[in-house]
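Engineer: Just a sequence and a predicted model for now, questions to come.
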Amino acid sequence: MTHPLRLGKLEALMLDIDGVLLTDGEPISGAVRSTHALLELGIDLRFVTNTTAVPRARLLARLRDLGFPVSPHTLFTVAALARRMFEREHRTRYRLLGPPGLEADLGDGRIELHDPSTPDWVVMGLHPPVFQHDSLNIGLRDLLRGARLVALHANRVWRTRRGMELGLGAYVRALEYASRTEAKVMGKPSRAFFQEVIDDLNLPLESVAMVGDDTESDVAGALNAGIHGIQVKTGKYTDRSLALSGTKPSLVVEDINDLATRLEAARH
Ligand SMILES: [Mg+2]
């Protein structure tokens, strides 16, 4: 992104969910009100998440129950993108090393964990209970027989009530290393995921920004896709993670509420 960010010119925001709107499934204080305030300023919102913990329909219902102004057309998740890739390549059989229920988004081609046949894809979503030595070995053998590795995202860490925990990316790297293959990463910061939302918005790139707590996935991914990247200091943000990333966000704000306040001021 070569254009400087001018808040008064922003027409659309892509909002990350975990760490920007929610922490551990609960709304960050003021976040519901602030998303409504952004809409009232005439800003188009898209909800763009790497999360694979729950199927898309359940996430949509949960966000609506909490009061967020989200609809089926404005929520973008990664599993749906993976499914479109499977269908495009006419290879739809996958083994899921990830949360149960995700087949609702990934399609009918799932083969069970202990089914001896070789899938087209080994799909990894964040679900720590499945990341055990024996189940990872099942995925490894699939890869050694020619299956391709699909990482729904490759986040390094995530933040829970207990503190930072190993992200999906750590497990993906383990299988890449052992199998000498490279995963296809579907979620942020992959350009394909950003591009899908950019195409949907159909606005000039300089009028769009991604708002996220993950500097690599959200902010650097956005900048790479040609839009602005706004860093919030909630969620998994730390001064250290920003410094280590080597990324310069278009703007750093305290939280989504701070951003809404600044945008309101910029419009008056
Ligand atoms: Mg996040």
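Structural biologist: On my side now, so go ahead.

Engineer: Need the contact partners of stretch 248-259.
Structural biologist: Stretch 248-259 is contacted by residues 1, 4-5, 7, 15, 20-21, 28-31, 33-35, 209, 211, 215, 219, 223, 228-234, 242, 262 when judged by Cβ atoms under 8 Å, 6 or more residues apart in numbering. For glycine as for every other residue, the C-beta is placed from the backbone atoms N, C-alpha and C.

Engineer: which residues of the stretch 101-250 of the chain fall in strands?
Structural biologist: Secondary structure of the stretch 101-250 of the chain (DSSP state E, counting those that start in this stretch): strands located at 110-111, 121-124, 148-151, 157-160, 163-166, 184-185, 208-212, 228-232.

Engineer: for the first one, packing partners?
Structural biologist: Taking 3 or more Cβ pairs under 8 Å, 6 or more residues apart in numbering; DSSP states H and E as the contact definition, the neighbouring helices and strands of strand 110-111 are strand 94-97.

Engineer: what does the stretch 1-150 of the chain have sitting close to the ion?
Structural biologist: Asp16, Asp18, Gly19 (Cβ under 5 Å from the ion).

Engineer: from those, which ones fall inside strands?
Structural biologist: Of those, none are assigned to strands by DSSP state E.

Engineer: Buried subset of those residues, written for ChimeraX?
Structural biologist: Remark: buried members of these, expressed as a ChimeraX selection using 16 or more other Cβ atoms under 10 Å:
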select :16,18,19
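
Engineer: Contacts for stretch 82-99, please.
Structural biologist: Residues outside stretch 82-99 that contact it (Cβ under 8 Å, 6+ apart): 52-54, 102-103, 105-111, 113, 115, 117, 119-127, 130-131, 135-136, 138-139, 142, 147, 150, 152, 171, 184, 186.

Engineer: Which of these fall in helices?
Structural biologist: Glu103, Asp105, Leu106, Ser135, Leu136, Ile138, Gly139, Asp142, Tyr171 (DSSP state H).

Engineer: The ion versus Val32, what's the distance?
Structural biologist: 17 Å (Cβ to the ion, to the nearest Å).

Engineer: Revised request: answer the last question for Ile227.
Structural biologist: Counting by Cβ to the ion - Ile227 and the ion are separated by 17 Å.

Engineer: Contact partners for that residue?
Structural biologist: Met1, Met14, Phe194, Ile198, Leu205, Glu206, Val208, Ala209, Met210.

Engineer: mind running it again at 10 Å?
Structural biologist: Counting by Cβ atoms under 10 Å, 6 or more residues apart in numbering, Ile227 touches 1, 3, 5, 12-14, 194, 197-198, 201, 203-210, 221, 250.

Engineer: cool, and Pro116?
Structural biologist: Going by Cβ under 10 Å, 6+ apart, Pro116 touches Ile138, Arg141.

Engineer: Quick check: the gap between it and the ion.
Structural biologist: Distance from Pro116 to the ion, by Cβ to the ion: 37 Å.

Engineer: CSV for the strands of the stretch 101-250 of the chain, including mean neighbour count and mean pLDDT?
Structural biologist: Converted to CSV, the strands of the stretch 101-250 of the chain look like this (neighbours: other Cβ atoms under 10 Å; pLDDT from 0 to 100):
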stretch, mean neighbour count, mean pLDDT
strand 110-111, 16, 96
strand 121-124, 27, 98
strand 148-151, 24, 98
strand 157-160, 17, 84
strand 163-166, 12, 92
strand 184-185, 20, 96
strand 208-212, 28, 98
strand 228-232, 26, 98
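
Engineer: Please convert those to JSON lines, extending it with distance to Leu175.
Structural biologist: JSON lines is the format used below for the strands of the stretch 101-250 of the chain (distance: least, Cβ to Cβ, whole Å):
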{"stretch": "strand 110-111", "distance to Leu175": "17"}
{"stretch": "strand 121-124", "distance to Leu175": "7"}
{"stretch": "strand 148-151", "distance to Leu175": "6"}
{"stretch": "strand 157-160", "distance to Leu175": "18"}
{"stretch": "strand 163-166", "distance to Leu175": "14"}
{"stretch": "strand 184-185", "distance to Leu175": "12"}
{"stretch": "strand 208-212", "distance to Leu175": "26"}
{"stretch": "strand 228-232", "distance to Leu175": "29"}
